[in-house]
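Asker: Pasted the sequence and its predicted model underneath.
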Amino acid sequence: MNSTKRNLYSLIFLIGLFSTSTFSQKKALNSINENDLQSHLEFIASDLLEGRETGKPGIEIAAKYLTSNLKKMNLTAIGEKNSYLQYIDLLHVQTDFENTFITINSVDGNIIFTNDSILNLNPTVEDLQLEGPIVFAGYGFVDSVNVYNDFEGIDIKDKIIMIMSRTPELVKNPISEDQQPFQYIGFSKFQYAYKNGAKAILWVFDPNNKYRSIYDLKEYLKYFQENYFLKENSNASLPFKIILITQYTANQILKSMGHTLRNLQIKINSNNKPESFDLERIKISLQIKKKVKEIKSPNVIGIVEGNDPILKNEYIIYTAHYDHEGVNKNGEVFNGADDNGSGTVALLEIAEAFMNFPKKLKRSVVFAWMTAEEKGLFGSKYYASHPVFPLEKTIVCINLDMVGRVKTHADTGKVLSFEIDVKDKDSLFVISGHQSSELIKINEANCKKLQLLPDHDDDQSILYQSDQYPFYQKGIPVLFYHTGIHSDLHTIHDEIGKIDYTKMKRVAQLAFLVGYKVACQSHKLVVDKPINKE
């Protein structure tokens, strides 16, 4: 065969190969469709699952639904007996208010005042029991530049100290009223107090704050009344003993010296001088009891194995959390259609697309539905500490969380502590740690192919608030796709009727194409801006 014919046949072969590959990829993309997404979501976000709260029956039903679909698609299981489940052990810890109290005693032992309105600022599994003398230390603030020191002239060693939120300057010139609840808690104050021997801190909102106590912040209150811990890390907590009290309790304490919190704040701010003193006539005793319940909850994990004898031992991992907020006190269900029913079902469709197009894969592709994200990223934290597949061989993590909404007229203002910002039908947020310029370029190219506009300018603090973060901490390049924070976040109004299935399909297709490219290329993804691993 002469060289001309040989070159012609080679060209024909390559054209045929390209056409077959293009056809297969198109088939895989078309398998991600609105009807299937809607069918899955109508179950996952139904009242039957009771908000998919970790530790409750609804999330167990969701896990069974996911595993049955993985079996149907013939994804490879991760455990014995064809199991797709990686169980994590959690502790659910609640404050036992029947056995929780703060008491003011006179020096001769008589009870002056008692109530149960106290909470841990730094929750722990252990009970807390304290007693001792008390010192009022103003804002608990030290400013060496302007020569202001709330601790000057008082001895705090082995004593309980009471301090107010913020500082004199921040009371006079607050940055934002919306940010007041937690922006000025003041962890540097705690460090100073404990370095100088304080036994515990009673923390109270200053009277110029619009909040009298944590009980005014209904949407946050449950995070102080109940908490979740990975069982293996349940002893890890701040060394500080910090107790939230109400202004009413603070005034009962100060009453013994003829003061109120408000008049002391006025004096401090008017004179720009501390008003700190020992409360010599009283002692404080307090107790915070905990109810502890053990919970097992699974991550659901399956794998599409690569075909290269060497590169199949490298992994692309897709993640999405499938838990949500459960049911409120009125019996209303937080169905979480967007958060994160959308990511949950998008991942099912992406897995099916890979199963329809497996032959070209060099690397293996892992699909992980994470539990307990809403409780503190516990599913992904556990995986990052107990990886099913080696993290040093994990090339990229692609996370989908809230990928089903398009901006509406209601999406303005704030919800919880977030600015509401939802993308239109042709755009989405793409959050990354910027570790790999190559990964960003792959994403950009496929956005262009799907006529999607990626927004990389979203608040990078969101990087820390979903399941890609534990992977990022381990130095793994990440992409986090989401369509934005809407007004229904963590409310009963996050329902399937507000989902845009075309938008969800396009985001899922983008995630597929990006992961597929990384899984198929011969060279390893270039990480040109690595982070320091934690």
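Answerer: Right, received. Where do you want to start? What you are looking at is a predicted structure, and each value in this text was computed from that prediction instead of being measured.

Asker: Going by C-alpha atoms from here, please, whenever you check contacts or count neighbours.
Answerer: OK.

Asker: Helix or strand with the lowest mean pLDDT in this protein?
Answerer: helix 180-183 (a mean of 55; mean pLDDT, DSSP states H and E).

Asker: ok, now which ones touch residue 422?
Answerer: 405, 406, 407, 411, 483, 484, 485, 486 (C-alpha atoms under 8 Å, 6 or more residues apart in numbering).

Asker: Pretty sure the last one sits against residue 418.
Answerer: No - contact status for residue 486 versus residue 418: not in contact, 9.2 Å apart, counting by C-alpha atoms under 8 Å.

Asker: average model confidence for stretch 318-330?
Answerer: The average of the pLDDT scores along stretch 318-330 is 96.

Asker: Pull the distance from it to the chain's centre.
Answerer: In terms of C-alpha atoms, centre = their mean, to the nearest Å, the centre of stretch 318-330 is found 12 Å from the chain centre.

Asker: cool, stretch 342-353 as well?
Answerer: Computed by C-alpha atoms, centre = their mean, the chain-centroid distance of stretch 342-353 equals 21 Å.

Asker: Residue 283 looks like it's in a strand, true?
Answerer: Yes - applying DSSP: H, G, I helix; E, B strand; the rest coil, one finds residue 283 inside a strand.

Asker: Identify the residue nearest the geometric centre of this protein.
Answerer: residue 465 (3.7 Å; C-alpha atoms, centre = their mean).

Asker: Could you measure from the closest residue to it other than its chain neighbours over to residue 71?
Answerer: Spatially, and ignoring its direct neighbours in sequence, residue 465 is nearest to residue 377 (7.9 Å; C-alpha to C-alpha, 6 or more residues apart in numbering). Applying C-alpha to C-alpha, to the nearest Å, the value for residue 377 to residue 71 is 26 Å.

Asker: Which one of those two is surrounded by more residues?
Answerer: Taking neighbours as other C-alpha atoms under 10 Å, residue 377 and residue 71 compare with residue 377 leading, 20 against 15.

Asker: quick one: contacts for that one?
Answerer: Contacts of residue 377 by C-alpha under 8 Å, 6+ apart are 371, 465, 466, 467.

Asker: which SS state does the last one fall under?
Answerer: Three-state call for residue 467 (three-state DSSP): coil.

Asker: possible to save the contacts of residue 422 as TSV with pLDDT and secondary structure?
Answerer: Shown next, in TSV, are the contacts of residue 422 (pLDDT from 0 to 100; DSSP: H, G, I helix; E, B strand; the rest coil):
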residue	pLDDT	secondary structure
405	97	coil
406	96	coil
407	92	coil
411	83	coil
483	97	coil
484	94	strand
485	93	strand
486	95	coil
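
Asker: Can I get these in a markdown table including neighbour count and distance to residue 354?
Answerer: As requested, the contacts of residue 422 are exported to a markdown table (neighbours: other C-alpha atoms under 10 Å; distance: C-alpha to C-alpha, whole Å):
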| residue | neighbour count | distance to residue 354 |
| --- | --- | --- |
| 405 | 26 | 25 |
| 406 | 23 | 27 |
| 407 | 18 | 30 |
| 411 | 18 | 35 |
| 483 | 28 | 23 |
| 484 | 24 | 26 |
| 485 | 22 | 29 |
| 486 | 26 | 31 |
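
Asker: Report the two of the residues you listed separated the most.
Answerer: Longest distance between any two of the contacts of residue 422 is 12.2 Å, between 411 and 483; criterion C-alpha to C-alpha.

Asker: Can you pull the domain assignment for the protein?
Answerer: Domain ranges of the chain: 26-76+305-520, 92-292, per automatic domain parsing.

Asker: measure the last one end to end?
Answerer: Between the opening and closing residues of domain 92-292 lies a distance of 6 Å (C-alpha to C-alpha).

Asker: hang on, the earlier thing: now the element after the least confident helix or strand of the chain, going C-ward?
Answerer: Sequence order places helix 187-195 as the next helix or strand after helix 180-183, per DSSP states H and E.

Asker: tell me the average confidence for that next one?
Answerer: Helix 187-195 shows an average pLDDT of 85 in the prediction.

Asker: Flag every buried residue along it.
Answerer: Using 16 or more other C-alpha atoms under 10 Å as the test for burial, helix 187-195 gives 189, 190, 193, 194.

Asker: Please name the residues that touch the nearest residue to the second one once chain neighbours are set aside.
Answerer: When you say that, I think you mean residue 190. Leaving aside its chain neighbours, residue 190 sits nearest to residue 240 (7.2 Å; criterion: C-alpha to C-alpha, 6+ apart). By C-alpha under 8 Å, 6+ apart, residue 240 lies in contact with 122, 190, 194, 200.
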